[in-house]
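Visitor: Structural data only, the sequence is not supplied:
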């Protein structure tokens, strides 16, 4: 059964606290990457409805720092679905809790593989991109997939 992108899209908001950061108040990149992997796993699970594992993480770009006290918002959705793998896109924004100003602080693409009960790759439901934005992300994800598969 085909699924819509909106069927599994997920948003997570978390207040950045002192244990998430270095002594200067900058949130660790690893903290952000852990949250990114968690939210993308939720999206992948919602789409696949079976066990999924992270197969790869494309380049992680940090565009701006995140500080203790910021509200970190992660938005994730399925960009592309192949036979047994799917690309999940994550956008990360930091909101200054006092001013309400928000900035795009990072983006990443993760590939997940669906697994059956024996731990073998399992077929996935197709995803149907409906909006122009979803179609653009589908096309860009397909181009990234083809680039990764191209001989070096």
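Guide: Looks like it arrived, so ask away. Quick caveat, the model's predicted, so the values are computed rather than measured.

Visitor: For the nearest residue to residue 27 once chain neighbours are set aside, list the residues it contacts.
Guide: Nearest residue to residue 27, sequence neighbours excluded (CB to CB, 6 or more residues apart in numbering): residue 66, at 4.0 Å. Using the backbone N, CA and C atoms, a C-beta is placed for each residue, glycine as well. Residues near residue 66 by CB atoms under 8 Å, 6 or more residues apart in numbering: 16, 26, 27, 32, 72, 92, 94, 105.

Visitor: Mind doing that once more with 7 Å?
Guide: Residues in contact with residue 66 (CB atoms under 7 Å, 6 or more residues apart in numbering) are 16, 27, 32, 72, 94, 105.

Visitor: Now the phi/psi pair for it, please.
Guide: With angles defined as degrees, to the nearest 10, residue 66 sits at phi -120, psi 140.

Visitor: try residue 11
Guide: Note on residue 11: its backbone torsions stand at phi -130, psi 140 [degrees, to the nearest 10].

Visitor: tally of neighbours for it?
Guide: Counted with other CB atoms under 10 Å, the neighbours of residue 11 add up to 11.

Visitor: returning to that earlier point: of all pairs in the contacts of residue 66, which one spans the longest distance?
Guide: 16 and 105 (10.8 Å; CB to CB).

Visitor: ok, which stretches of the chain are helices?
Guide: For the chain, applying DSSP state H gives helices covering 29-48, 132-149.

Visitor: do you know which of those helices lies nearest residue 112?
Guide: Closest to residue 112 of the helices of the chain is helix 29-48 (CB to CB; 4.0 Å).

Visitor: Would you tell me which one of the helices of the chain is buried the most?
Guide: Highest mean neighbour count among the helices of the chain (mean count of other CB atoms under 10 Å): helix 29-48, with a mean of 19.

Visitor: helices or strands up against that one?
Guide: Helix 29-48 sits against strand 10-15, strand 51-57, strand 70-81, strand 85-96, strand 102-115, with contacts defined as 3 or more CB pairs under 7 Å, 6 or more residues apart in numbering; DSSP states H and E.
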